[in-house]
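Visitor: Return atomic coordinates for the entry below.
(one chain, ligands or ions: 2)
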Amino acid sequence: MRILFVVGARPNFMKIAPIMREMAKYHSEFEQILVHTGQHYDANMSQLFFDELDLPRPDLNLEVGSGSHAWQTAQVMLGFEPVLLNYRPDWVLVPGDVNSTLACTLVASKLGFNLAHVEAGLRSFDRTMPEEINRLLTDQLADLLFTPSRDADENLLREGIPLKKIHFVGNLMIDTLVRLLPMAEVRWPVMRARFGLDHYLLVTLHRPSNVDDPNMLAEIMVALAEISRQVRVIFPMHPRTRSRIVSLDLSLPTDNLLLIEPLGYMDFLALETHASLVLTDSGGVQEETTYLGVPCLTVRPNTERPVTIMSGTNRLVAGKRGTLVRSVLERLNEGARQAAANIHRPEFWDGKASNRLMRILFKTT
Ligand code: UD1
Ligand code: UDP
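Guide: Ligands and ions are numbered 1, 2, ... in the order given. The predicted structure is shown next:
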């Protein structure tokens, strides 16, 4: 069976790597093709993860780069169409909710190829998010929908997707975490010494709603500076965020507010595991902190990952200076790291999602 995998942006790598590893164990059954759209291209947003996650070199890189939504989506579509016609796979697998996901979905469905969506069914019910549009359309077009949690199944059924297309397999990103956590632990002493970390707040932000609005970003940066008077803050900046911070001249780094480049997977996971608290707007980071039992505040009015709230680790917070400072300090005072035995992990977030997915794909064909 010939499977064509699509990756484009940072969070895609963690979701596709475990599936490719699992299928590689049965190499006589599966022929794997990996296509990178090139949506993310900086070494620390792309190549680094190929090395760390043992992803094979892509068979092809479409090298689309950055642009407006329409431009980027169109470039991926134009680049992907001849590739698909050339390889003619039995299945196309697209992960997540980025522009590359939707672009390849549109091409594959119109050409009549079988399409499977990895991480189907998540909904924020907020159509101002580009990702929500990408998810809704991808799920409508996919032939097989692999979901990470039960709420995703319910969302899909409500939207009229036939039950037989929906398969609850669990969280693929957690497969990668489970495998690499021991190696991240090895990195911890190095990271701890390099950044002088003990009791600290780890921050990641990249949603346009937080970082593209100058007033919003200013509120957040002033709040972080204030928080850093009480606790060390480490903020690996996504390139979108870094360029906004630089152009608005909002970088107020102090000895206790560390604005750094994006980290590799293992180094970032080490910091996540040992953080007193995480402040984020990332989908993947909400999930990883839930698995790790690390308290997390999500700077958003909603989340497409309600299980992270139900598990008790994640809470939503408004991006207002006063609210942010108060919420962070309160949560830190709760001293709320969960003991390993008390962590309530969502069903099938267990490192075995890729095996379930592979078996279903094999049976379906
Ligand atoms: C994209 C996804 C988002 C996902 C995020 C993961 C869409 C619509 N958004 O957002 O869902 O959560 O990836 O990180 O697909 N840039 C670089 N170097 C790079 C990549 C990007 O400098 O390697 C800069 C460029 O200025 C670019 C900007 O970041 O314009 C945004 O990149 P883009 O891929 O369009 O969106 P993200 O914000 O990364
Ligand atoms: N991540 C990383 N280095 C960083 C920040 C995040 O390796 O500096 C990892 C994180 O552990 C998770 C993934 O990137 O596995 C999340 O990607 P991102 O936040 O870019 O996208 P989202 O999940 O919001 O779509």
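Visitor: Could I get the full set of strands for the stretch 101-250 of the chain?
Guide: In the stretch 101-250 of the chain, the segments counted as strands under DSSP state E, counting those that start in this stretch are 115-118, 144-147, 166-168, 200-204, 232-236.
Visitor: for these, which one sits closest to ligand 2?
Guide: Relative to ligand 2, the nearest member of the strands of the stretch 101-250 of the chain by C-beta to the nearest ligand atom is strand 232-236, separated by 3.7 Å. The way it works is simple: take the backbone N, C-alpha and C, and place the C-beta from them, glycine included.
Visitor: Show me which positions of that closest one end up buried.
Guide: 232-236 (16 or more other C-beta atoms under 10 Å).
Visitor: Max pairwise distance over those residues: which two?
Guide: Arg232 and Pro236 (13.7 Å; C-beta to C-beta).
Visitor: can you list the residues of the stretch 51-200 of the chain near ligand 2?
Guide: By the rule C-beta under 6 Å from any ligand atom, the part of the stretch 51-200 of the chain lying against ligand 2 is Met173.
Visitor: and the residue of the stretch 51-200 of the chain nearest ligand 2?
Guide: For the stretch 51-200 of the chain, C-beta to the nearest ligand atom, closest residue to ligand 2: Met173, 5.9 Å.
Visitor: isn't that residue right up against Glu287?
Guide: Yes. Between Met173 and Glu287 there is a contact under C-beta atoms under 8 Å: 5.8 Å.
Visitor: Return the distance of stretch 184-201 from the chain's centre.
Guide: 22 Å (C-alpha atoms, centre = their mean, to the nearest Å).
Visitor: Residues contacting it, please?
Guide: 227, 231-234, 258, 260, 265-267, 269-271, 273-279, 328, 332 (C-beta atoms under 8 Å, 6 or more residues apart in numbering).
Visitor: Relative to ligand 1, how far out is Thr323?
Guide: Taking C-beta to the nearest ligand atom, to the nearest Å as the measure, Thr323 falls 23 Å from ligand 1.
Visitor: Nearest residue to the closest residue to ligand 1 within the stretch 151-300 of the chain in space, please, no chain neighbours.
Guide: Here the residue of the stretch 151-300 of the chain nearest ligand 1 is Pro239; by C-beta to the nearest ligand atom that distance is 3.3 Å. Take Pro239 and drop its neighbours on the chain: the residue closest to it by C-beta to C-beta, 6 or more residues apart in numbering is Asp42, 6.0 Å away.
Visitor: how near is that neighbour to Arg194?
Guide: 21 Å (C-beta to C-beta, to the nearest Å).
Visitor: can I have the helix or strand Leu332 falls within written out in PDB, keeping just the CAs?
Guide: Using DSSP states H and E, Leu332 maps to helix 321-334. Once non-C-alpha atoms are left out, helix 321-334 reads as follows in PDB (Å, rounded to 0.1, in the frame of the first residue of the first chain):
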ATOM      1  CA  ARG A 321      -2.200  43.000  31.300                       C
ATOM      2  CA  GLY A 322      -3.900  43.000  34.800                       C
ATOM      3  CA  THR A 323      -5.600  39.700  34.200                       C
ATOM      4  CA  LEU A 324      -2.500  38.000  32.900                       C
ATOM      5  CA  VAL A 325      -0.300  39.200  35.800                       C
ATOM      6  CA  ARG A 326      -3.000  38.200  38.400                       C
ATOM      7  CA  SER A 327      -3.800  34.800  36.900                       C
ATOM      8  CA  VAL A 328      -0.100  33.800  36.500                       C
ATOM      9  CA  LEU A 329       0.800  34.800  40.000                       C
ATOM     10  CA  GLU A 330      -2.300  33.200  41.500                       C
ATOM     11  CA  ARG A 331      -1.600  29.900  39.600                       C
ATOM     12  CA  LEU A 332       2.000  30.000  40.700                       C
ATOM     13  CA  ASN A 333       1.000  30.400  44.300                       C
ATOM     14  CA  GLU A 334      -1.300  27.400  44.000                       C
END
